[in-house]
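**Student:** Sequence first, then the predicted structure, then my questions.
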Amino acid sequence: MRRIQVAAAIVSVAIAVTGCAGGGTPPGNAAPPPSSAPPASDVWHARATPAASAKRVGTPDTCTMPVAFDIAQQWEVVPTPPSGSPRGGLALACQVKESSGKAAFLRAWVGREAGSTPRGALEKFLESEGAISDPQYRDTGVGMGEGVEVTYVKDKGARARAFAMVTPLRSVVVSVTADDDADYDKALPGYLLAKDTLTPTER
């Protein structure tokens with residue numbers, strides 16, 4: 001009788017060891033295969049950082065507007081059209097060109113509508129941007145204050161971006177656009193510098 005019990009115990013141990021050697025998860029609970037889908041596109045370019053400051057615009061010798069912000073070394077103020085090229089009730093107050101690329105611009109737009117919100121100012125601005133796609137909004141810091149930011153794709157396929165902030169008297173939108181994504185990527189640090197350093201100057 002004792003020999004039978006010992007033999008049974010040995011068989012049980014052998015079965016257990018064989019199960020462990022077979023490895024891993026039982027067939028009914030097999031882990032799913034890794035996904036082959038590509039990661040979502042980083043439309044906000046989270047790794048981009050602001051450029052170093054070289055000059056300030058919004059001063060009497062640069063652009064007349066109720067805000068000021070810093071621009072990078074490769075950026076220069078260029079004339080604005082006499083009409084101000086209004087977009088959604090916002091007039092073009094300052095235009096800065098990135099001189100090392102093909103055509104990248106920072107533009108500051110100013111509205112006179114009191115009581116506007118940053119999101120409302122951006123929505124009106126985009127209504128006048130022509131055919132766009134994939135607009136995505138988020139809250140963001142603007143200088144020492146708060147605002148809203150949007151990224152979107154223009155009709156020719158290049159991505160663009162803009163932020164808005166408001167004062168008790170005005171709304172301000174600053175946009176960055178380029179001819180293609182390569183120039184947009186080069187211009188983005190200058191845009192981030194403007195967003196980080198913008199301050200209202202109107203009293």
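**Tutor:** It's in.

**Student:** what about this protein, any weak spots by pLDDT?
**Tutor:** 1-41, 83-84, 101 (pLDDT under 70).

**Student:** so where do the strands sit in it?
**Tutor:** Secondary structure of the chain, counting by DSSP state E: strands at 55-57, 67-71, 75-78, 90-98, 104-111, 132-142, 145-154, 159-166, 171-178, 199-200.

**Student:** Counting by contacts, list what the third one packs against.
**Tutor:** Put plainly, it is strand 75-78. strand 90-98 (3 or more Cβ pairs under 8 Å, 6 or more residues apart in numbering; DSSP states H and E). C-beta here means a position set from N, CA and C on the backbone, and glycine is covered the same way.

**Student:** Give me the residues contacting the strand it packs on.
**Tutor:** Outside strand 90-98, the residues that touch it by Cβ atoms under 8 Å, 6 or more residues apart in numbering are 57-58, 62-65, 71, 74-81, 84-86, 103-111, 121, 124-125, 171, 173, 178, 183, 186-187, 190.

**Student:** In PyMOL, select just the buried ones from those.
**Tutor:** A single PyMOL command selects the buried members of the contacts of strand 90-98 (16 or more other Cβ atoms under 10 Å):
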select buried, resi 57+58+63+65+71+74+75+77+80+104+105+106+107+108+109+110+111+121+124+125+171+173+178+183+186+187+190
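
**Student:** ok so, going back, turn the strands of the chain into CSV, including distance to residue 45.
**Tutor:** Shown next, in CSV, are the strands of the chain (distance: least, Cβ to Cβ, whole Å):
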stretch, distance to residue 45
strand 55-57, 23
strand 67-71, 19
strand 75-78, 18
strand 90-98, 16
strand 104-111, 14
strand 132-142, 12
strand 145-154, 9
strand 159-166, 9
strand 171-178, 11
strand 199-200, 24
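
**Student:** so which of those strands gets nearest residue 43?
**Tutor:** strand 145-154 (5.1 Å; Cβ to Cβ).

**Student:** Residue 65 versus the nearest residue to residue 148 once chain neighbours are set aside, what's the distance?
**Tutor:** Closest residue to residue 148 apart from its sequence neighbours, by Cβ to Cβ, 6 or more residues apart in numbering: residue 118 at 3.8 Å. Counting by Cβ to Cβ, to the nearest Å, the gap from residue 118 to residue 65 is 17 Å.

**Student:** show me the residues around the closest residue in space to residue 189 that isn't next to it in sequence that make contact.
**Tutor:** Nearest non-adjacent residue to residue 189, counting by Cβ to Cβ, 6+ apart: residue 51, 3.8 Å away. Residues in contact with residue 51 (Cβ under 8 Å, 6+ apart) are 72-73, 189-190, 192-193.
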